[in-house]
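Visitor: sequence and predicted structure are below.
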Amino acid sequence: MPIRAVLWDIDDTLFDYTGADTAGLARQLAQEGLGERYGTAAEALALWRRLTERHWARFGAGEVTFPGQRRDRVREFLGAPGMVDDEADAWFGRYVEHYKAAWVLFPDVVPVLDALAGVYRHGVLSNSSTAAQDPKLRHLGLRDRFEVLVCAAELGVSKPDAAAFLGACAEMGLPPHEVAYVGDQPEIDARGARDAGLTAVWLDRDGGRGPGPAGVHRIAGLDRLPELLAADTRFGARSGIR
């Protein structure tokens with residue numbers, strides 16, 4: 001059967017999360033008078049990203065709530081294990097305001113969505129929460145492009161678990177073999193989608209990240225996606241499109 005729908009990752013696929021995170025954290029540190037505490041801005045960001053990944057993994061494993069992983073991230077980043085929830089929430093909230101101010105889409109996003117409109121159905125599967133991602137998509141002018149927004153916090157399971165991908169397919173009323181998934185992470189997105197039976201498309205914007213998982217399609221930009229979907233190169237055969 002041909003591909004009938006595309007499921008999308010959001011952060012660093014549609015939306016420049018890394019750029020916004022970098023700018024937001026730098027502004028937060030400057031506002032809080034912490035600019036010198038972590039050495040360089042790059043070192044501060046590297047620590048923040050490591051903590052984000054680690055505490056998000058705890059959330060994905062069901063060890064902590066969605067707000068809890070944010071609070072724990074702030075406490076560890078600031079070296080303040082005794083910080084109460086309200087203080088941690090307030091600090092994270094101030095960071096989020098700076099982060100939001102830097103929100104921007106990648107330039108190839110609207111053109112590809114326009115090119116695929118009316119040909120494929122579209123939905124989103126994100127390892128975040130609806131409360132975080134729905135306002136983001138609305139702010140960026142994309143929410144109406146997607147039939148469904150499926151997020152790990154509400155679904156109860158996160159990528160790369162096959163149940164996350166299958167849950168999103170079920171929300172669209174389609175079997176996985178009729179759905180393509182597009183994301184920037186080779187393991188969480190591409191391998192996870194492949195193993196769940198979807199056509200997996202790894203968006204490797206920067207290149208140079210190694211060969212990636214077998215049996216996925218690797219593209220360097222979203223401008224290559226319409227050609228890939230039209231060719232309907234099925235799961236299990238690596239596409240030559242880059």
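Guide: Thanks, I have the structure now. Residues are numbered from 1 along each chain as shown.

Visitor: residues of stretch 189-196 that come out buried?
Guide: Of all the residues in stretch 189-196, those buried under the rule 16 or more other Cβ atoms under 10 Å are 189-194, 196. Any C-beta I mention is one placed from the backbone N, CA and C, and that applies to glycine too.

Visitor: Throw those into JSON lines and include distance to residue 182, pLDDT and secondary structure, thanks.
Guide: Conversion of those to JSON lines gives the following (distance: Cβ to Cβ, whole Å; pLDDT from 0 to 100; DSSP: H, G, I helix; E, B strand; the rest coil):
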{"residue": "189", "distance to residue 182": "8", "pLDDT": "98", "secondary structure": "helix"}
{"residue": "190", "distance to residue 182": "9", "pLDDT": "97", "secondary structure": "helix"}
{"residue": "191", "distance to residue 182": "14", "pLDDT": "98", "secondary structure": "helix"}
{"residue": "192", "distance to residue 182": "12", "pLDDT": "98", "secondary structure": "helix"}
{"residue": "193", "distance to residue 182": "9", "pLDDT": "98", "secondary structure": "helix"}
{"residue": "194", "distance to residue 182": "13", "pLDDT": "98", "secondary structure": "helix"}
{"residue": "196", "distance to residue 182": "14", "pLDDT": "98", "secondary structure": "coil"}
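
Visitor: off-centre distance for whichever helix in the chain runs longest?
Guide: Secondary structure of the chain read by DSSP state H shows that its longest helix is helix 41-60. Taking the mean of its C-alpha atoms, helix 41-60 sits 14 Å from the chain's own mean (Cα atoms, centre = their mean, to the nearest Å).

Visitor: what's the first helix or strand after that helix?
Guide: Sequence-wise, the next helix or strand beyond helix 41-60 is helix 66-78, with elements assigned using DSSP states H and E.

Visitor: could you pull out the buried residues of that next one?
Guide: Of all the residues in helix 66-78, those buried under the rule 16+ other Cβ under 10 Å are 66-67, 69-77.

Visitor: and the helix or strand residue 168 falls within, what's buried?
Guide: Element membership for residue 168, per DSSP H and E: helix 162-172. Buried residues in helix 162-172, counting neighbours by 16+ other Cβ under 10 Å, are found at 162, 164-169, 171-172.

Visitor: give me the angle between that helix and helix 41-60.
Guide: 80 degrees (axes from the mean of the first three to the mean of the last three Cα atoms, to 10 degrees).

Visitor: give me the mean pLDDT for helix 162-172.
Guide: Here helix 162-172 scores 98 as its mean pLDDT.

Visitor: gap between that helix and the chain center?
Guide: Relative to where its chain is centred, helix 162-172 has its mean C-alpha point 16 Å off (Cα atoms, centre = their mean).
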